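Engineer: using only what follows, build the 3D model:
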Amino acid sequence: MAQEQRRLAAILAADVVGYSRLMATDESGTLVQLTKLRTDVIEPKIAQFHGRIVGAAGDSLLVEFASAINAVQCAIDAQEGLSRQNAELPEDRRMVFRMGINLGDVIAEADTIYGDGVNIASRLEKLAEPGGICIGRSVYDQVKGKLVCTYADLGEQRLHNIPEPVRVYRVKPSMLGATAPAGPLLPLTDKPSIAVLPFANLSGDSEQEYFADGIVEEIITALSRMHWLFVIARNSTFVYKGRAVDVKQIGRELGVRYVLEGSVRKAGNRVRITGQLIDSTTSAHLWVDRFDGSMEDVFDLQDMVTASVVAAIAPKLERAEIERSRRKPTESLDAYDYYLRGLAAIHLWTKSGCAEALAHFYRAIELDPAFASAYGMAARCYSMGKVGGWIEATSKEIAEADRLATLAADLGRDDAVALAAAGIALSFVVGDLDRARELEDRATALDPNMAWAWLWSAWTSVWLGESEAAKEQVTRALRLSPLDSHRGSMFAAMAAAHFLAGSYDDALAWAERATRERRGFSFSGVLIAASAALAGNADRAREALDELRSTHPNMSVSKQSLSFPFRRPQDIERLAEGLRKAGLPE
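Structural biologist: Have a look, this model is predicted:
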């Protein structure tokens, strides 16, 4: 018996988004268009980068490369070419591809290849956005720093029928074009608008990265309190971390007039913050300065940066408004340090990161029992834990989330971070929707630029059955943080709002986007199954249910009905009806 041939290969999987819809509308025209795109765009790029087509069925392609770099560059160039071809077509006739790339061991047989290396590439393709590319960790390790593009870390993802989680990265769609678009991708708002980029850590110690990131987050929070200013959220600006940036491109991608960038140096007890404010429309530097002090002066240094930015944008602004925006979160620098460490950990959105963040927030509270934001963020850890399935939300955990949220609200009556974080814990974990609504309304009034406050308010609107309010709130959140690395939750909230309104096709589309953003968020899968079933798409409903039950084998209609704090019985019953139609047992 001949020994099977194995080799290491980079595998690119691609398919057309909405191919069935295109075929149903115009079968012959769709086949002609697909052939043209393959002949004119895709196959020449595969040849240029020395790839080999090993599978082609209908709208899908499987391509083998000897080099991960060649595979990714081929995908980038192909997506650019496809985008140009689609630009002149009506939206309903565009043929858009998703692509996934994995580096792994494959079995070669005749003219094709098999194995987990191929299966993972196929699963990665399904995570990509229309027109986008997703790659596995094995590919990322080979290509990082070697190609003109940027990557968004989507964390570890559970892939269907793949036993171990795979760390996934998105090749940023905004960077796929070789030339910048002529106009803004997002329009400027009617307010002065600003994005604060991650500051460079010049401390000579990578362990101080959390401190530099925390300083930026605090400056964003301070600027957000200026109601006349439109401030992009931290999670969208941090996608630019660690790479050279084109300020004009950032202005177009985020829809902002001003960009603040800088650096932080911490050495012993001394801190230096430098900053420069740039007009993204002209690249002119409006202000450049540096601020030196001891750790005891860190809050004053942050205030100086904020005041300088405000003075450059609106020199006639009353000093009283600047003073009103100031808030010293704690008197304890040690508590503040633990708080910043907690912020760094919670943004990882992993089970271990959530546990680490909670430990840091508890330590901050221990050092300063009046630290409202620390209580709020600790409460948020319980909400995140329930979303991720990392806690069971036992009566003990619900009581602790309630305690933390209550203290955050009592101690932080003018602290939007504390109020908003307490609100989502009360809403999703405790199920106290009335208190949650009150806190979230106060948070958005205090800080109308806080994207997560609008998102958490949207989720409370979902649980209350207020679909139109939820849509408006998610729209606000997405505009404030258009590149948010965790926007899967925003898409899921929009899907839920459409589901409640009976717009099942729209709910399905948004839920699919949410799943591509972040696998493992079970409510997105639940919405896909229920929406597809109620929309009459039985095949998609069964497929979604199979994926859910592969990771949640004991899932049932009754358990799902109890998992989410819907107030209105008709909303619970609608979800249950969809899941029953999808085939989920009682």
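Engineer: ok, which stretches of the protein are strands?
Structural biologist: For the chain, applying DSSP state E gives strands covering 5-16, 52-57, 60-65, 97-109, 112-114, 133-136, 151-157, 166-171, 193-196, 200-201, 230-231, 258-267, 270-279, 284-294.
Engineer: which non-adjacent residue is nearest Gly353?
Structural biologist: Spatial nearest neighbour of Gly353, chain neighbours left out: Ala345 (4.7 Å); criterion: C-beta to C-beta, 6 or more residues apart in numbering. (Glycine included, C-beta is placed from N, CA and C.)
Engineer: run a quick neighbour tally on the residue nearest to Phe238 when sequence neighbours are not counted.
Structural biologist: Nearest non-adjacent residue to Phe238, counting by C-beta to C-beta, 6+ apart: Pro198, 5.4 Å away. Pro198 has 24 neighbours, counted by other C-beta atoms under 10 Å.
Engineer: list the contacts for Pro198?
Structural biologist: The neighbours of Pro198, taking C-beta atoms under 8 Å, 6 or more residues apart in numbering as the test, are Ala212, Asp213, Val216, Thr237, Phe238, Tyr240, Lys241, Gly242.
Engineer: and if you look at Gly58?
Structural biologist: Tyr19.
Engineer: now do the same for it: its pLDDT.
Structural biologist: Here the pLDDT value assigned to Gly58 is 78.
Engineer: how much space between it and Gly51?
Structural biologist: 19 Å (C-beta to C-beta, to the nearest Å).
Engineer: and if you look at Gly525?
Structural biologist: To Gly51, Gly525 is 33 Å away according to C-beta to C-beta.
Engineer: and if you look at Asp141?
Structural biologist: Asp141 is 20 Å from Gly51, by C-beta to C-beta.
Engineer: between these two, which one's more packed in?
Structural biologist: For Asp141 and Gly51, the more surrounded residue by other C-beta under 10 Å is Gly51, and the numbers stand at 24 against 13.
Engineer: and that one, what does it touch?
Structural biologist: Leu12, Val63, Glu64, Phe65, Asn70, Ala71, Cys74.
Engineer: swap the cut-off to 6 Å and go again
Structural biologist: Val63, Phe65, Cys74 (C-beta atoms under 6 Å, 6 or more residues apart in numbering).
Engineer: and the residues you listed, which is closest to Glu543?
Structural biologist: Val63 (24.5 Å; C-beta to C-beta).
Engineer: my guess is the closest one meets Leu12, correct?
Structural biologist: Yes - look at Val63 against Leu12 with C-beta atoms under 6 Å: they come within range, at 4.4 Å.
Engineer: what about the two, which has more around it?
Structural biologist: Leu12 (32 against 28).
Engineer: how's the protein carved up into domains?
Structural biologist: 5-175, 193-325, 331-447, 466-586 (automatic domain parsing).
Engineer: how far away from the center of its chain is the first one?
Structural biologist: It refers to domain 5-175. Centre-to-centre, domain 5-175 and its host chain are 21 Å apart (C-alpha atoms, centre = their mean, to the nearest Å).
Engineer: now stretch 357-366
Structural biologist: Counting by C-alpha atoms, centre = their mean, stretch 357-366 comes out at 25 Å from the chain centroid.
Engineer: how about stretch 448-466?
Structural biologist: 16 Å.
Engineer: how about residues contacting it?
Structural biologist: Outside stretch 448-466, the residues touching it (C-beta under 6 Å, 6+ apart) are 224, 231, 233, 416, 420, 423-424, 427, 433, 436-437, 440, 443-444, 469-470, 473-474, 476-477, 480-481, 490, 493, 496, 565-568, 571.
Engineer: which among these end up buried?
Structural biologist: Neighbour-count burial (16 or more other C-beta atoms under 10 Å) is assigned, among these, to 224, 231, 233, 416, 420, 423-424, 427, 433, 436-437, 440, 443-444, 469-470, 473-474, 476-477, 480-481, 490, 493, 496, 565-566, 571.
Engineer: now Leu343: how far from Asp484?
Structural biologist: Applying C-beta to C-beta to Leu343 and Asp484 gives a distance of 15 Å.
Engineer: looking at those two, which is more packed in?
Structural biologist: Between Leu343 and Asp484, Asp484 has the larger neighbour count (other C-beta under 10 Å), namely 25 against 21.
Engineer: and the strands of the chain as a markdown table, adding distance to Asp246?
Structural biologist: Below are the strands of the chain laid out as a markdown table (distance: least, C-beta to C-beta, whole Å):
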| stretch | distance to Asp246 |
| --- | --- |
| strand 5-16 | 28 |
| strand 52-57 | 35 |
| strand 60-65 | 29 |
| strand 97-109 | 25 |
| strand 112-114 | 39 |
| strand 133-136 | 21 |
| strand 151-157 | 17 |
| strand 166-171 | 17 |
| strand 193-196 | 13 |
| strand 200-201 | 17 |
| strand 230-231 | 21 |
| strand 258-267 | 10 |
| strand 270-279 | 11 |
| strand 284-294 | 15 |
